[in-house]
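# compute the structure for the input listed below.
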Amino acid sequence: MEDFKKWLTKKHPDSGTTHSYMRAIEILNDYFQKNLYSFEVEELELLLIDVKAKQKEEEGAFYNSKSTSYGKKGYYSAAITSFIDFLKNYNREKKYWLYAPGEGAKKWEEFYSNEIIGLGWDQIGDLHNYPSKEALQEIIMKTYEGDNPFNQVLANWDFYQNMNIGDIVIAKNGRKELIGYGEVISEYFYDSSRLDYQKCRKVKWLRKGNWKVDFNLVLKTLTDVTTYKSGLYPGEKYYDVLLKIMNGELIQKQLDKTYLPKNQILFGPPGTGKTYNTINKALEIIDGSSPLNRNDAKIRYDELIKSGNIVFTTFHQSMSYEDFVEGIKPLTKGDDLRYEITDGIFKMICSEAQSEFNSYTNNSTFKQAFSCLVSEWEESDTDLVKVNTSSNSSYFELYDLSTSTIRFRKKNGSEKHTLSKKTLERFYNNEASDFKGGLNVYYKPLSDKLKSYQIDNKNKSTNGTYILIIDEINRGNVSAIFGELITLLEESKRIGEEEELKVTLPYSKEEFGVPNNLYIIGTMNTADRSVEALDTALRRRFVFEEIMPNYDVLNERNVQVGETIFSLRRILEVINKRITILLDRDHQIGHSYFIKVTDEHSLKLAFAKEIIPLLQEYFYNDYVKIALVLGTGFCVKVETSDYSNLLASIDDSEITDLYSNQTVYQLKDINKIDNFESALNILLKKE
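Below you'll find the predicted structure:
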């Protein structure tokens, strides 16, 4: 009751309204001989229907001779409505909104002084006029014809219906600056006296200033960021990071813009987020920063994967030089079988990166232009693309385009003529002045045709940067996969550097180098036995960054099992300390295995499917050590007999005694552990 009274007073600063509503509920309590404050929302809503219908009847069901005006003026229904509103909103989760006070924060000073926030779109008028989201969408589509209405409708509807008293509004200027935050203290209202931004709410501003951020803020005018997770600060809520920055509680992760290594490897035990962090690393390189919100980061990452600026691959024991650089592979078209030199993953991304670098002197990249040529060929009804010679006196026709060659026939019909795609790229990039040979008359007009395609590059936003992500880089035979190219990875040996190096590839006989705008990010699992055999030449050419278990991610993650609430952080810390003692720090267990744990069932699954199998791999057939890590709640001592009579006799009786009286443990079936709560307590040494 006191909470309701405080809520009313805050909502209606005049004491008269609060007193009247509280008194109205007292009268109803006397009438019903029940405490309305104990009613559920559904019960109150049914009562409200009855009260509305009868409260104004003279000497009716709700007539009170001492307070006749309460029924006539509708105080009973108003009081119940307010109490329903209180129950729905007071105990709900507080929401956090990221808000732009006009373009370029032009309304910030005014809104701060007047303790309000406002929305534009003034032509649609008062939002009270629109009973549904559909009605609002209809008027916005009519009024702002041609614009995408989704974000406009969402911003207005959220401001009108979904924002509530007690919510926190975080104000921003553009995508790189926070300027303050405050608490919403009123319902939505329309202020017709204002010239613009007439849709308003009162806000008690709590902080004002200027805080530059090293990541991109959400772009929209009004966004509910309550459920957003942080990408750069694992374990933190998006809104919490923004508030901590403004309150001086968090120092941002400043990126060293002066040096980003061309080759880096993230290494650490399994489950520590190495692959997860490659997304942030890649976006930091291409965009300068990674969005704080993980969903935004993943969307941007997927865009770059689709555009080809980021390529992801995984090394394995079968990966070869032919897969990675180039090799000879069979190709079939109909009944025709031929063998061609095919580019591998690394050669393709190097070619695209170099082409992108060269495109700064052209209007488009060779890759884009060649794609247009392929499209024209595929869409042709005759499967032919006609190309006029430079003098326009003759022509030739392309009839087959592959990854490395272009086949054509002359005007007279003779076929079996080929052009090299690589040589064509040199002509396109004006690098073929030294080319000699009769095919010059075909390369030049075909290059001119490629340059004639109209290609829109207005949305290009990658700064010409390409990234190759190699997951599990230590699992492949690195020296065999990279071959002679290992030297070219060095930053000083990249194309354009003073010590630039190029090699002649063994199959195509082409000159090849690694462009300066290509970055390589690898990941390496330190628990993998192949780490020890990692090529020394590779180690010298990569910057290594250790990624260890991040216990802070699990700070607020607790799970109730039986009568006990267990800290997931504490469980993981204890397990890892024991692994470090019994084995080493490189075989710890990462925090990601506990990220999705929310209850007893999911905790059991984490142990059964991930934690225990890892321990079995770490301590192969050594169940005594597994028992020393997990305790007797998860392991059981097997009753053994004296095997001294079974073993053959040797001179050393101590060895015979050692093996004939061993203590043997075995793992319990986790689904058959009767008391999982007790097993966890034993693990943590609480029993």
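
# where does the prediction get shaky in the stretch 101-250 of the chain?
For the stretch 101-250 of the chain, applying pLDDT under 70 flags the ranges 145-149, 229-236, 250.

# show me where it has helices.
Residue ranges of the helices in the stretch 101-250 of the chain, as given by DSSP state H, counting those that start in this stretch, are 108-114, 133-143, 149-157, 238-246.

# what's the closest of the ones you listed to residue 447?
With CB to CB as the measure, helix 149-157 is the member of these nearest residue 447 (43.9 Å). Yep, even glycine has a C-beta here, placed from its N, CA and C like the rest.

# touching that closest one from outside, list them.
The contact list for helix 149-157, computed with CB atoms under 8 Å, 6 or more residues apart in numbering, reads 119, 121, 124, 127, 133, 136-137, 140-141, 144, 199, 220-222.

# make it 6 Å
Helix 149-157 has contacts (CB atoms under 6 Å, 6 or more residues apart in numbering) with 133, 136, 137, 140, 141, 220, 221, 222.

# could you do stretch 23-31 as well?
35, 36, 64, 70, 75, 76, 79.

# nearest to residue 637, of the residues you listed?
Nearest member of the contacts of stretch 23-31 to residue 637, counting by CB to CB, is residue 35, at 59.3 Å.

# of the contacts of helix 149-157, which pair is most distant in space?
Across those, the longest distance by CB to CB is 18.8 Å; it joins 141 and 222.

# quick one, which of the two is more surrounded?
Between residue 141 and residue 222, residue 222 has the larger neighbour count (other CB atoms under 10 Å), namely 21 against 15.

# and the contacts of stretch 23-31 as TSV, adding secondary structure, neighbour count and distance to residue 26?
Compiled in TSV, these are given as follows (DSSP: H, G, I helix; E, B strand; the rest coil; neighbours: other CB atoms under 10 Å; distance: CB to CB, whole Å):
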residue	secondary structure	neighbour count	distance to residue 26
35	coil	11	10
36	helix	19	9
64	coil	16	10
70	helix	22	10
75	helix	20	11
76	helix	25	11
79	helix	26	10
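
# just send the residues you listed back as CSV, with pLDDT too.
CSV is the format used below for those (pLDDT from 0 to 100):
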residue, pLDDT
35, 79
36, 79
64, 66
70, 71
75, 79
76, 80
79, 85
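
# let's have those in TSV, adding distance to residue 292.
Formatted as TSV, those follow (distance: CB to CB, whole Å):
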residue	distance to residue 292
35	47
36	45
64	57
70	52
75	48
76	49
79	44
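
# just the closest of those to residue 442, please.
Proximity of these to residue 442 (CB to CB) peaks at residue 79, which lies at 88.8 Å.

# quick one: mean pLDDT over whatever helix or strand residue 327 lives in.
Per DSSP states H and E: residue 327 is located in strand 326-333. Averaged over strand 326-333, pLDDT sits at 82.

# hey, C-alpha coordinates of that strand in CSV?
Presented in CSV, the C-alpha positions along strand 326-333 are these (Å, rounded to 0.1, in the frame of the first residue of the first chain):
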residue,chain,number,x,y,z
GLU,A,326,46.7,-23.6,-56.0
GLY,A,327,46.6,-27.1,-57.5
ILE,A,328,45.5,-29.0,-60.6
LYS,A,329,41.9,-30.3,-60.4
PRO,A,330,39.6,-32.1,-62.9
LEU,A,331,36.7,-30.1,-64.4
THR,A,332,33.9,-31.5,-66.4
LYS,A,333,31.4,-29.8,-68.7
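
# now do that strand: distance to the chain's middle.
Its chain's C-alpha centre and that of strand 326-333 lie 37 Å apart, by CA atoms, centre = their mean, to the nearest Å.

# against which helices or strands is it packed?
strand 336-343 (3 or more CB pairs under 6 Å, 6 or more residues apart in numbering; DSSP states H and E).

# what does whatever helix or strand comes next after the strand it packs on rub up against?
Using DSSP H and E, the helix or strand that directly follows strand 336-343 along the chain is helix 345-358. Contacts made with helix 345-358 from outside it, assessed by CB under 6 Å, 6+ apart, are listed as 311, 313, 324-326, 365-367, 429, 464, 466, 468, 514-515, 517-518.

# and what of stretch 467-483?
Contacts of stretch 467-483 with the rest of the structure, by CB under 6 Å, 6+ apart, involve 275, 278, 282, 310-316, 319, 321, 324, 349, 519-524, 530-531, 534-535, 538.

# ok, and for stretch 387-402, which residues are buried?
Using 16 or more other CB atoms under 10 Å as the test for burial, stretch 387-402 gives 387, 396, 397, 398, 399, 400, 401.

# please name every helix or strand in contact with the longest strand belonging to the chain.
Secondary structure of the chain per DSSP state E: the longest strand is strand 199-212. Here strand 199-212 touches strand 116-119, strand 177-184, helix 238-246, going by 3+ CB pairs under 6 Å, 6+ apart.

# out of the ones you listed, which one sits most buried?
Highest mean neighbour count among these (mean count of other CB atoms under 10 Å): strand 116-119, with a mean of 23.

# can you list the strands that it pairs with?
Counting by DSSP bridges, the strands paired with strand 116-119 are strand 199-212 (antiparallel).

# now do the strand it pairs with against strand 177-184, angle only.
140 degrees (axes from the mean of the first three to the mean of the last three CA atoms, to 10 degrees).

# ok, and what's touching strand 199-212?
Strand 199-212 is contacted from outside by 112, 115-119, 127, 169, 177-178, 180-186, 188-189, 191, 245-246, using CB under 6 Å, 6+ apart.

# which residues touch stretch 73-92?
For stretch 73-92, using CB under 6 Å, 6+ apart, the contacting residues are 4, 7, 20-21, 24-25, 41, 44, 48, 51-52, 55, 62, 164.

# max pairwise distance over the residues you listed: which two?
Among those, 62 and 164 lie farthest apart (CB to CB), at 29.9 Å.

# what's residue 196 in contact with, if anything?
Residue 196 makes contacts with residue 122, as judged by CB under 6 Å, 6+ apart.

# change it to 7 Å
Residue 196 sits next to 120, 122 when contact means CB atoms under 7 Å, 6 or more residues apart in numbering.

# tell me how far it lies from residue 153.
20 Å (CB to CB, to the nearest Å).

# same thing with residue 185?
The value you get for residue 185 to residue 153, if CB to CB is used, is 26 Å.

# the two: who's more crowded?
Set side by side, residue 185 and residue 153 show more neighbours around residue 153, with 20 against 16, by other CB under 10 Å.

# so what's that one closest to, chain neighbours aside?
Spatial nearest neighbour of residue 153, excluding adjacent residues (CB to CB, 6 or more residues apart in numbering): residue 137 at 4.6 Å.

# one more: residue 340?
In this structure, residue 340 finds its nearest non-sequential neighbour in residue 331, 5.3 Å apart by CB to CB, 6+ apart.

# and the gap between that neighbour and residue 400?
Distance of residue 331 to residue 400, given as CB to CB: 10 Å.

# cool, residue 562 as well?
From residue 562 across to residue 400, the span is 70 Å (CB to CB).

# before we move on, what about residue 228?
Per CB to CB, residue 228 is found 50 Å from residue 400.

# same question for residue 42.
Using CB to CB, one obtains 72 Å as the distance from residue 42 to residue 400.

# same check on residue 424?
Counting by CB to CB, the separation of residue 424 from residue 400 is 14 Å.

# go on, residue 650?
75 Å.

# nearest to residue 262 among the contacts of helix 149-157?
Among these, residue 220 lies closest to residue 262 (CB to CB), at 35.7 Å.

# spatially nearest residue to that closest one (excluding sequence neighbours)?
For residue 220, the spatially nearest residue (CB to CB, 6+ apart) is residue 151, at 5.4 Å.

# how many neighbours does the one you found have?
Look at residue 151: counted by other CB under 10 Å, it has 14 neighbours.

# helices - which of the contacts of helix 345-358 land there?
324, 366, 367 (DSSP state H).

# buried subset of those residues, written for ChimeraX?
Here is the ChimeraX command that picks out the buried ones among the ones in helices among the contacts of helix 345-358, judged by 16+ other CB under 10 Å:
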select :324,366
